[in-house]
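Student: Give the three-dimensional model of this entry:
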Amino acid sequence: MAYDLPKDLEEFRKVVRDFAEEKIKPIAYHLDQAKEFPKEIVKELGEMGIMGIPFSEQYGGAGLTNEHYAIAVEELSRVDAGVGVIVSAHTSLGTWGLNEWGSEEQKEKYLRPLLTGKSVGGFGLTEDNAGSDSAGTETTAVLEGDHYILNGKKIFITNAPEAQTYLVTAVTTPGKGNHGISMFIVDKDFEGFTFSEPYDKLGIRSSITAELHFKDVKVPKENLLGEEGKGFKYAMMILDGGRIGIASQALGIAQGAYESAKEYGLAREQFGQAIARMQHNTFVLADMATELKAARLLIYDAARKKDKHVPYGMDAAMAKLYASDLAEEITSKALQMYGGSGFIKGVDVERFYRDSKITQIYEGTNEIMRVVIGSYILPRVKKEKRERTKTKQSQVGDRKKKIFKGDPKEAAKNLVEALKADGFNFDNKDVDANGPILEAERVVVAGMGIGEDQNMELIKDLAKESGAVVSATRPAAQVRGYVPSDRYIGLSGTDFKGKLYIGVGVSGAMQHLKGIKDAGTIVVINNDESADFFENTDYGIVGDFHKVVPALIEEIKNA
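Tutor: Model prediction:
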């Protein structure tokens, strides 16, 4: 190896590498193409103790060090970065906080199955309006008797929905900024806790990623982790450790790409010699080997400091920054050495290239890493205390936000009367439902909330009576296939600039709202009163679309 480690660590590396080569490498291409979470692999990793590496044997952990953990993530990611981040997110994000601040009861109930691999952990911090600015959390937890009532949404959650246990941040005391955020242990089986369809991602596709949705979720008071109001502090400490895992993932990706490029360069001949021996390529490989050693030193140094319980936040940020930037650079150069062959699916450098990018983004973007490092190396500036105020900004301009509830027939009648008062009529029934969206005056959009494919018939009937074309959100088009993928509305899709938009079962994600910001009148039908779309609409009906849409069709006919 490029870095000499004690014999026990190198022996541990060999165990993990052999497992990765024998069990993961043969199926890595399939996992990537199928977006398949490797349940059997994760089960075996649990049986090997890999899911509980740096934790005490008292609760079922392996009793090893953070250096062992870094090596494990590195070696898994050298073959498949998706598997690497499953272990990283489980260990650093979903489990470490429980080990640090959990009560004995919480550790017995939740930590033990996590450390033994019987369950997988996840971490819910990021939201639509709380990314790099994590203090902007909008998910709320209100104490009512023996339970907190959790409402809100988390996005980009690694291991969701496969994870069983999630550490989730929520506002418990509004108006106190960072100090009003607490952390909770949320079980996948809690009523009202649901998930979006998993994202279709550029890379790390064997790692599953989805949204967490909380609708009046009753979280037992004893599931508060640590102290109320300390959730933001806990989250920042969790992320410090998580950066060691992501740096290790990036290192593994880069190491795998380097080894692949070197092997290919020695086998591929041009102009009578192996291309690896051409001076330019030799220099490229030499730079790769040097930079990999530098990254490894940074990562292991941060891991060792964490094991010694000395400050390591800056070291973890440096390791994550350097290793992830390096991963993108090395995978690009490795693919270049392959030439056209590297651009073909099934060649590992193509996958490494796609996998590398996310390491510069999650666990704190590399721009934030530079902010973190800067805060350590520059003298602190005394800041004036100021109250943080946060108001939700509409993505589609000022809207009327008139919401109808109660009896579906009455709500449908009120909506049609409001639209008629705004000048809409429903005389034109001859609109081609599959006509161009950009040229359409009216559109009816199906979201994931309509469920089964057969429910599209209701959407088509509503469109026919409304004189509208039919469209869908991106997930509804790409995952469910409600409409062809060239007909979805939203970011990177089609814009709708016509006079009337009607969304059914659409949650109102920012990416979708970008496509209707210039729509004339927006109407939403959703059974979830807390859906973001109701903050970005002119008229809305809260109710089951199975009842609301037929009632609306009947009212339009009467109109």
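Student: In the protein, where is pLDDT below threshold?
Tutor: Along the chain, the model assigns pLDDT under 70 to residues 1-3, 383-393.
Student: Check it and tell me which residue is nearest its centre.
Tutor: Nearest to the geometric centre of the chain sits residue 156, at 1.4 Å (Cα atoms, centre = their mean).
Student: So it is in contact with residue 358, correct?
Tutor: No. The pair residue 156 / residue 358 is not scored as a contact, 9.8 Å apart, by Cβ atoms under 8 Å. In this view, the C-beta of every residue, glycine as well, is placed from N, C-alpha and C.
Student: For my notes, confirm the residue nearest to the centre of the chain occurs in a strand.
Tutor: Yes. Residue state for residue 156 (DSSP: H, G, I helix; E, B strand; the rest coil) corresponds to a strand.
Student: Name the nearest residue to it, sequence neighbours excluded.
Tutor: residue 126 (5.0 Å; Cβ to Cβ, 6 or more residues apart in numbering).
Student: so who does residue 56 touch?
Tutor: The neighbours of residue 56, taking Cβ atoms under 8 Å, 6 or more residues apart in numbering as the test, are 63, 99.
Student: So which residues of the stretch 301-450 of the chain form strands?
Tutor: Counting by DSSP state E, counting those that start in this stretch, one finds strands in the stretch 301-450 of the chain at the ranges 402-404, 442-446.
Student: Could you list the paired strands of the longest one along with their orientation?
Tutor: Think strand 442-446. strand 469-472 (parallel), strand 500-504 (parallel) (DSSP bridges).
Student: Which other helices and strands does the strand or helix carrying residue 292 contact?
Tutor: Here residue 292 sits within helix 279-307, counting by DSSP states H and E. Under the contact definition 3 or more Cβ pairs under 8 Å, 6 or more residues apart in numbering; DSSP states H and E, helix 279-307 sits against helix 66-77, helix 231-267, helix 313-338.
Student: which one of these is the most hemmed in?
Tutor: helix 66-77 (a mean of 28; mean count of other Cβ atoms under 10 Å).
Student: which residues touch it?
Tutor: With contact meaning Cβ under 8 Å, 6+ apart, helix 66-77 is reached by 5, 9, 12-13, 16-17, 20, 24, 50, 53-54, 62, 83-85, 87-88, 91, 241, 244-245, 247-253, 255-256, 299-300, 303-304, 306-307, 355.
Student: Endpoint to endpoint, stretch 177-194 covers what distance?
Tutor: 27 Å (Cα to Cα, to the nearest Å).
Student: Buried residues, that stretch. List them.
Tutor: Buried positions in stretch 177-194, judged by neighbour count with 16 or more other Cβ atoms under 10 Å: 177-178, 180-188, 190, 193-194.
Student: so can I have JSON lines of the helices and strands packed on helix 279-307 showing distance to residue 533?
Tutor: JSON lines is the format used below for those (distance: least, Cβ to Cβ, whole Å):
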{"stretch": "helix 66-77", "distance to residue 533": "38"}
{"stretch": "helix 231-267", "distance to residue 533": "27"}
{"stretch": "helix 313-338", "distance to residue 533": "35"}
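Student: Can you say which of those helices is nearest to residue 498?
Tutor: When the helices and strands packed on helix 279-307 are compared by Cβ to Cβ, helix 313-338 sits nearest residue 498, at 41.0 Å.
Student: what number of residues lie near the nearest residue to residue 527 once chain neighbours are set aside?
Tutor: Spatial nearest neighbour of residue 527, chain neighbours left out: residue 544 (5.2 Å); criterion: Cβ to Cβ, 6+ apart. By other Cβ atoms under 10 Å, 12 other residues sit near residue 544.
Student: burial measure for residue 345, as a count.
Tutor: Neighbours around residue 345, by other Cβ under 10 Å: 9.
Student: Not counting residues beside it along the chain, what's closest to it?
Tutor: residue 33 (7.3 Å).
Student: can you tell me how far the closest residue to residue 195 other than its chain neighbours sits from residue 359?
Tutor: Among residues not flanking residue 195 along the chain, residue 161 sits closest, at 3.9 Å (Cβ to Cβ, 6+ apart). To residue 359, residue 161 is 23 Å away according to Cβ to Cβ, to the nearest Å.
Student: Residue 51: neighbour count?
Tutor: So residue 51, with other Cβ under 10 Å, has 29 neighbours.
Student: ok, it - contacts?
Tutor: 42, 45, 87, 90-91, 114-117, 120.
Student: Looking at those residues, spot the one nearest residue 421.
Tutor: The shortest gap between residue 421 and any of those belongs to residue 120, at 52.8 Å (Cβ to Cβ).
Student: So the closest one versus residue 76, what's the distance?
Tutor: The value you get for residue 120 to residue 76, if Cβ to Cβ is used, is 15 Å.
Student: Then residue 6?
Tutor: According to Cβ to Cβ, residue 6 stands 21 Å off from residue 76.
Student: And for residue 527?
Tutor: With Cβ to Cβ as the criterion, residue 527 and residue 76 are 41 Å apart.
Student: what's the answer for residue 41, then?
Tutor: For residue 41, the distance to residue 76 - Cβ to Cβ - is 9 Å.
Student: With residue 528 instead?
Tutor: 38 Å.
Student: Ok, residue 247 next?
Tutor: The value you get for residue 247 to residue 76, if Cβ to Cβ is used, is 14 Å.
Student: got it, and residue 529?
Tutor: 43 Å.
Student: now do residue 158
Tutor: Distance from residue 158 to residue 76, by Cβ to Cβ: 14 Å.
Student: repeat for residue 12
Tutor: Taking Cβ to Cβ, one finds residue 12 at 13 Å from residue 76.
Student: what does residue 376 give?
Tutor: According to Cβ to Cβ, residue 376 and residue 76 sit 30 Å apart.
Student: which residues touch residue 36?
Tutor: Applying Cβ under 8 Å, 6+ apart, we find residue 36 in contact with 30, 206.
Student: ok so it is a strand residue?
Tutor: No. Going by three-state DSSP, the assignment for residue 36 is coil, not a strand.
Student: Against residue 206, how distant is it?
Tutor: Distance from residue 36 to residue 206, by Cβ to Cβ: 6 Å.
Student: Tell me the buried residues in stretch 13-22?
Tutor: For stretch 13-22, the buried set under the neighbour-count rule, 16+ other Cβ under 10 Å, comprises 13, 16-17, 19-20.
Student: to the chain's geometric centre, what's the distance from it?
Tutor: 28 Å (Cα atoms, centre = their mean, to the nearest Å).
Student: Likewise for stretch 513-524?
Tutor: 25 Å.
Student: Just the endpoints, please. Distance across it?
Tutor: 12 Å.
Student: ok, now stretch 500-515?
Tutor: OK, stretch 500-515 end separation, Cα to Cα: 13 Å.
Student: buried set for it?
Tutor: Applying 16+ other Cβ under 10 Å to stretch 500-515 flags 500-509, 511-515 as buried.
Student: can you give me the offset of that stretch from its chain's centre?
Tutor: Distance, centroid of stretch 500-515 to centroid of chain: 20 Å (Cα atoms, centre = their mean).
Student: what do you get for stretch 134-141?
Tutor: Chain-centre distance of stretch 134-141: 16 Å, with Cα atoms, centre = their mean.
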